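Asks: Quick check, what structure comes out for this input:
(one chain, ligands or ions: 3)
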Amino acid sequence: MRIETVWAVYFSGTGTTEKVAVTLAKTIGSVLGAACREICFNLPQAREKGLQFGGADLVVLGMPVYAGRVPNLLLPYVRDQIKGDGTLAVPVVLYGNRNYDDGLIELRNVMRENGFCPIAAGAFVGEHSFSRILGAGRPDDKDMALVQELADKAAAKARTLTEPPAEAVAVTGCDPIRPYYTPRDRYGAPIKDFLKAKPVTDPEKCLKCGLCASLCPMGSIDPGDPSQVTGKCIKCCACVKKCPSGAKYFDHEGFLYHQHELEDQYADRRAPSEIFV
Ligand SMILES: Cc1cc2nc3c(=O)[nH]c(=O)nc-3n(C[C@H](O)[C@H](O)[C@H](O)COP(=O)(O)O)c2cc1C
Ligand code: SF4
Ligand code: SF4
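Replies: Ligands and ions are numbered 1, 2, ... in the order given. Sure thing, here's the model as predicted:
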């Protein structure tokens with residue numbers, strides 16, 4: 001099939017999904033001799049309009065895995081506003097060294113239902129949003145070599161196709177999709193008020209630069225007083241990891257318990273990045 005434009009379309013709080021989706025799209029584009037364009041839908045304004053792609057496009061759609069699935073507050077945008085029309089696609093997810101559970105199969109299925117033909121896919125490890133030691137520094141050179149391999153294989157497949165394939169690429173995960181993973185306390189009960197946890201600000205460190213307010217995907221940080229999180233927090237950690245002075249952090253007891261439990265269980269291993277073609 002003749003592809004004119006390869007798109008990197010992504011949500012990425014702390015930049016790991018962006019790194020993989022953009023590199024993948026650029027590499028596929030250069031192999032196919034196609035243009036490459038990027039659409040980041042991190043900000044609420046970017047999610048006000050829908051996206052429609054056609055037969056001369058190939059879309060790399062990148063999402064982080066939250067609680068083993070496509071993040072619940074972003075799923076409506078992905079499901080209702082990103083549409084293809086016999087459009088070749090490569091869904092990719094980033095996960096934080098625990099497990100991607102049903103994140104990739106859910107993204108693949110949503111794309112298939114929206115007029116895309118997923119011909120290849122990938123699950124890559126990214127440094128965990130909540131931590132500096134869980135999946136630290138990933139995706140690293142080894143992961144990026146696998147991104148290159150996925151790009152080469154996806155481009156070769158796109159080239160040999162004469163029409164969009166009826167079958168979507170097979171990926172790991174359960175169908176029907178399982179419920180969202182629930183963080184639990186030491187007694188096995190769901191962590192109290194986990195969803196309500198929000199970052200706080202160290203007034204001694206805060207420069208009042210407003211960067212966090214301009215980056216928050218939920219538009220929840222007050223630009224007039226960046227110490228105030230007035231709306232919903234999806235715990236993407238964009239404000240925590242991108243604050244230039246390290247002023248943002250979580251002090252919520254349940255959040256910290258979950259972070260430390262994840263670090264205790266998973267920080268010492270190297271979870272695999274995987275590709276599917
Ligand atoms: C709310 C939330 C839930 C997460 N759940 C999972 C999970 O279930 N499994 C996992 O391995 N990583 C999980 N992560 C980690 C992210 O998937 C991972 O750090 C990813 O690389 C973040 O992508 P980004 O840099 O594009 O924001 C979660 C992160 C957040 C913020
Ligand atoms: S990014 Fe950091 S320093 Fe800047 S306003 Fe936000 S908390 Fe303060
Ligand atoms: S306030 Fe919450 S949703 Fe907004 S950037 Fe910070 S962690 Fe992400």
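Asks: And the pLDDT for the residue nearest to Q265 when sequence neighbours are not counted?
Replies: Using CB to CB, 6 or more residues apart in numbering and skipping residues adjacent in sequence, the residue nearest Q265 is R98, 7.8 Å away. Yep, even glycine has a C-beta here, placed from its N, CA and C like the rest. We have a pLDDT of 98 for R98.
Asks: Please apply the same query to L24.
Replies: Looking at L24, its pLDDT is 98.
Asks: what do you get for M1?
Replies: 89.
Asks: count of residues packed around the residue nearest to it when sequence neighbours are not counted?
Replies: In space, M1 comes closest to L161 once its chain neighbours are excluded; the distance is 4.9 Å by CB to CB, 6+ apart. Other residues within reach of L161 by the criterion other CB atoms under 10 Å amount to 13.
Asks: Is L161 in contact with G86, as I believe?
Replies: No. Counting by CB atoms under 8 Å, no contact exists between L161 and G86, whose distance comes to 10.9 Å.
Asks: re the thing from before, L262 versus the residue nearest to Q265, what's the distance?
Replies: To L262, R98 is 6 Å away according to CB to CB, to the nearest Å.
Asks: Quick check: neighbours shared by these two?
Replies: Counting by CB atoms under 8 Å, 6 or more residues apart in numbering, the residues touching both R98 and L262 are H128, L134.
Asks: quick one, what contacts the residue of the stretch 1-150 of the chain found nearest ligand 1?
Replies: With CB to the nearest ligand atom, the shortest gap between the stretch 1-150 of the chain and ligand 1 falls at G126, namely 2.4 Å. If you count contacts by CB under 8 Å, 6+ apart, G126 has them with T14, T16, T17, K19, V20, P64, L94, Y95, G96, G135, R138, P139.
Asks: Over to G29?
Replies: By CB under 8 Å, 6+ apart, G29 lies in contact with T5, V6, A35, C36.
Asks: Name the residues linked to the first one by a beta bridge.
Replies: T5 forms beta bridges with A35, D57, as assigned by DSSP bridges.
Asks: Nearest to E204 among the contacts of G126?
Replies: T14 (23.9 Å; CB to CB).
Asks: Confirm that that closest one sits in a strand.
Replies: No. Using DSSP: H, G, I helix; E, B strand; the rest coil, the assignment for T14 is coil, not a strand.
Asks: Show me the helices in the stretch 151-277 of the chain, by range?
Replies: In the stretch 151-277 of the chain, the segments counted as helices under DSSP state H, counting those that start in this stretch are 211-215, 238-242, 253-266.
Asks: Buried deepest among those helices, which one?
Replies: helix 238-242 (a mean of 20; mean count of other CB atoms under 10 Å).
Asks: what's in contact with that one?
Replies: So helix 238-242 is in contact with 13-14, 42, 129, 199, 211-212, 215-217, 221, 248-250, going by CB under 8 Å, 6+ apart.
Asks: Report the distance from that helix to the chain centre.
Replies: Distance of helix 238-242 from its chain centroid, counting by CA atoms, centre = their mean, to the nearest Å, is 15 Å.
Asks: go on, stretch 188-205?
Replies: 21 Å.
Asks: Could you do stretch 146-165 as well?
Replies: 21 Å.
Asks: same thing with stretch 10-21?
Replies: That offset, for stretch 10-21, works out to 6 Å (CA atoms, centre = their mean).
Asks: hmm, that stretch in reach of ligand 2?
Replies: No. Between stretch 10-21 and ligand 2, judged by CB under 6 Å from any ligand atom, nothing touches; the nearest distance is 13.8 Å.
Asks: dump the residue contacts of V92.
Replies: Taking CB under 8 Å, 6+ apart as the test, what V92 contacts is 17, 20-21, 24, 60-63, 104, 121-124, 150.
Asks: just checking: which of the residues you listed also lie near ligand 1?
Replies: T17.
Asks: what residues does stretch 133-147 touch?
Replies: Contacts of stretch 133-147 (CB under 8 Å, 6+ apart): 16, 19-20, 23-24, 27, 94, 96-98, 122, 124-128, 262-263, 266-267, 271, 273, 275.
Asks: Is C117 inside a helix or a strand, and which specific one?
Replies: Assigned by DSSP states H and E, C117 belongs to strand 116-118.
Asks: Could you list every helix and strand in contact with whatever helix or strand comes next after that strand?
Replies: Following strand 116-118 in sequence order, the next helix or strand is strand 121-125 (DSSP H and E). Contacts defined by 3 or more CB pairs under 8 Å, 6 or more residues apart in numbering; DSSP states H and E place strand 121-125 against helix 16-32, strand 87-95, helix 103-113, helix 141-160, strand 274-276.
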